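**Student:** Quick one: sequence and predicted model below, then my questions.
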Amino acid sequence: MNLLVVGAGAMGRWFAETVGDEFDEIAFLDTDEAVARAAAETLDGRVCSADETTTFDLVCIAVPLPAATDVIEASADRVDGAICDVTGSMLGPVNAMAEYCSDAERLSLHPLFAAENAPGRVAVVEANGGSIVRRVRDAMLAAGNRLVETTPAEHDDAMETVQARAHTAILAFGLAAESVPEKFQTPISARLNDLVEQVTDGEARVYSDIQAAFDGADDVAAAAREIAAADAETFAELYERAR
């Protein structure tokens, strides 16, 4: 069997490395050919050119969130068996795979971790399952991941809190915080500083894509305004709501 990974960044390489033993050949396609070539060299694969007409038993879409549905449509002709995505949202990709690859086995995966922190929990939505999807799922489990069954709506609703709201709160603290000597740090402030460092160690584009894809940032801003304006009685009410 052969595998095509469209998007040879960190998550595309993670997917290929995780399931690669299930396939005789792995190919990478990326808008940056140098990125595709580096992934192919690392994982003993090859580069697929944009004009190549080869079809693949499995096509994995591993592109940035805003491009996911368009790339699924553009990749449909390459699918000869199954298609999956690891793009981070589910409603759009799941609907696009159903529309453009209705006869294929379909799997939407969202690793709830950065690629360098694997293994971990992977959210899963399956449709029209078959032998290829089973191989992918088995490989994920064998690599130490935990598969979390969900629906597209449930997943995307959860991402509003665990990604959009969480990242907004952490970045807002980072923007608002003043530099203070280490001797004054509390356990809470120290943990918040660690979280700011963790979030800002990534790529701004990734976090921007998440904010664009999921609501939640405005809710954090509204809550902060409530806290800032609260008198003692209102603050106590807000405190209990947070509890």
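**Tutor:** That came through, no problem.
**Student:** give me the number of residues near the residue nearest to P119 when sequence neighbours are not counted?
**Tutor:** Once flanking residues are discounted, P119 sits nearest to G144: 3.7 Å by Cβ to Cβ, 6 or more residues apart in numbering. Using the backbone N, CA and C atoms, a C-beta is placed for each residue, glycine as well. For G144, the tally of surrounding residues (other Cβ atoms under 10 Å) stands at 10.
**Student:** Against G20, how distant is G144?
**Tutor:** 15 Å (Cβ to Cβ, to the nearest Å).
**Student:** for L29, same thing?
**Tutor:** For L29, the distance to G20 equals 16 Å [Cβ to Cβ].
**Student:** so where do the strands sit in this protein?
**Tutor:** For the chain, the strands defined by DSSP state E occupy 2-6, 25-29, 46-47, 56-61, 79-85, 105-111, 121-127, 146-149.
**Student:** what's near enough to touch A169?
**Tutor:** A169 makes contact with V220, according to Cβ atoms under 8 Å, 6 or more residues apart in numbering.
**Student:** contacting residues around the residue minimising distance to the centre of the chain?
**Tutor:** Against the mean C-alpha coordinate of the chain, by Cα atoms, centre = their mean, the closest residue is G88 at 3.1 Å. With contacts taken as Cβ under 8 Å, 6+ apart, G88 has the following neighbours: 65, 110, 159, 209-210, 213.
**Student:** Pick out the most distant pair among those.
**Tutor:** Across these, the longest distance by Cβ to Cβ is 13.3 Å; it joins H110 and D209.
**Student:** Neighbour count: these two, which is higher?
**Tutor:** Higher neighbour count among H110 and D209: H110, with 25 against 19, using other Cβ under 10 Å.
**Student:** Just give me the neighbour total for the residue lying closest to that one once chain neighbours are set aside.
**Tutor:** Among residues not flanking H110 along the chain, A123 sits closest, at 4.2 Å (Cβ to Cβ, 6+ apart). For A123, the count of nearby residues is 21 (other Cβ under 10 Å).
**Student:** Quick check: A123 vs T69, distance?
**Tutor:** 18 Å.
**Student:** And for R78?
**Tutor:** 16 Å.
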